[in-house]
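Engineer: Sharing a sequence plus its predicted fold:
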Amino acid sequence: MILDIYLRWYELALRATNFEVYGSPRKDLFQNLILSGMGGSGIVCDMIYSVLYSSSEIPVTIVKDFQIPRWTSKNSLLCAISYSGNTLETLNTVSKALEVGAEVCIVTSGGKLLELARVRGLPHVVVDSGLIPRAAFPQLLIATLKLLSTYRINLCSDLKSLTNILRDVESVSKTSKELAEFLKNSLPVIISNTRFYPLAMRFKDEFNENSKMMAKVEVIPEWAHNDIVGWELPLGVVKSLVIWDDDLVIEFLIDYLRGRGVDLQVLKLLGDDLLSKMLYGSYIAGLTSVYLAELRGVRAEETKSIDMYKEFLKRRVNH
Ligand code: F6R
């Protein structure tokens, strides 16, 4: 059961802090960083991007597609993350990056990417197999942080301390059960500021995949330039989850939504920095989505439609 995996997040994260980085990373100073991955693996790219946004001296971009940017060159570093190692979009970005001589490094549990990493001697980290991609999140995140640090891209100086944010399962479960009660039978709209956008997306993705629910994400301050007008006549089914940050526009947002009679909850995150707050928030997102699945009588682990898409793609790409 997927719930059992979420309940073991602290242990899984702690294990990941000891994962080995295989291969020898090139010592060059790269001119840009490309993070490639889809779905539950790709969200790691978003979180890393958000942290690097205010600290990286080189441009960072995210690819969630088959194609890489035209400017990719031998001076680029492409970090590919795919739990299964068989996601076609991600595999394609890796082959294209190799074609132009970029440095490619990989985080995966197996599949074609692991094979490729071994055959070509690409720097890589192997996460535990037998999990479900979205539930392997703490391992994918920590493995990627480790891998990037070998290129002197440092996002976290103490990975073991980072995992501490996952220790108090009981309190995370309690918050998540209350949130699931609040959101059941609604169309959740998750709103955050730009730096927490990956976490808002993580909530949406978890509601989609585990709870089989539609959900919407809005980001401030952009929200205040278009979506805000839609809330003048909000749909009855909408409930809002606001991810709190010390931000003037969030204060405005909350007052505005309350003034429109919107049913909302504000989520305050534990953690000392952006990364630990997003990890903590992801834990709440995961457990809330599983409790929502229980309330809705659906199986959290099943994602039949994603399998259907992947089968379609495999058939069409191979012909
Ligand atoms: C399934 C899930 C999906 C996958 C996505 C990409 O749990 O979360 O979003 O993560 O289809 O597959 P991987 O992660 O294997 O590259």
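Structural biologist: Received the coordinates, thanks. Residues are numbered from 1 along each chain as shown.
Engineer: from here on, contacts and neighbour counts on C-alpha atoms
Structural biologist: OK.
Engineer: What is the burial count for L88?
Structural biologist: L88 has 19 neighbours, counted by other C-alpha atoms under 10 Å.
Engineer: Name the nearest residue to whichever residue of the stretch 151-300 of the chain sits closest to the ligand, sequence neighbours excluded.
Structural biologist: Closest contact between the stretch 151-300 of the chain and the ligand, by C-alpha to the nearest ligand atom, is at E209 (7.1 Å). Distances taken as C-alpha to C-alpha, 6 or more residues apart in numbering place T303 nearest to E209, at 6.2 Å, with adjacent residues excluded.
Engineer: Contact partners for the residue sitting nearest the centre point of the chain?
Structural biologist: Geometric centre of the chain, nearest residue: I43, 2.2 Å, by C-alpha atoms, centre = their mean. The contact partners of I43, by C-alpha atoms under 8 Å, 6 or more residues apart in numbering, come to 37, 198, 201-202.
Engineer: gap between whichever strand or helix holds it and the chain center?
Structural biologist: Under the criterion of DSSP states H and E, I43 resides in helix 39-53. Between the centre of helix 39-53 and the centre of its chain there are 6 Å (C-alpha atoms, centre = their mean, to the nearest Å).
Engineer: Looks like L33 contacts N75 (just checking).
Structural biologist: No: contact criterion C-alpha atoms under 8 Å: L33 and N75 do not qualify, at 9.2 Å.
Engineer: With neighbour numbers in mind, choose between the two.
Structural biologist: The neighbour comparison of L33 against N75 (other C-alpha under 10 Å) goes to L33, with 22 against 17.
Engineer: how near is the residue of the stretch 151-300 of the chain closest to the ligand to R299?
Structural biologist: 10 Å (C-alpha to C-alpha, to the nearest Å).
Engineer: again with L122
Structural biologist: 37 Å.
Engineer: Mind jotting down where the helices sit in the stretch 51-200 of the chain?
Structural biologist: In the stretch 51-200 of the chain, the helices defined using DSSP state H, counting those that start in this stretch lie at 88-99, 111-120, 137-149, 159-163, 169-183, 197-209.
Engineer: want to throw those into CSV with mean pLDDT?
Structural biologist: Shown next, in CSV, are the helices of the stretch 51-200 of the chain (pLDDT from 0 to 100):
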stretch, mean pLDDT
helix 88-99, 98
helix 111-120, 98
helix 137-149, 98
helix 159-163, 98
helix 169-183, 98
helix 197-209, 98
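Engineer: As CSV, the ones you listed with distance to S82 would be great.
Structural biologist: As requested, those are exported to CSV (distance: least, C-alpha to C-alpha, whole Å):
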stretch, distance to S82
helix 88-99, 7
helix 111-120, 8
helix 137-149, 9
helix 159-163, 21
helix 169-183, 27
helix 197-209, 16
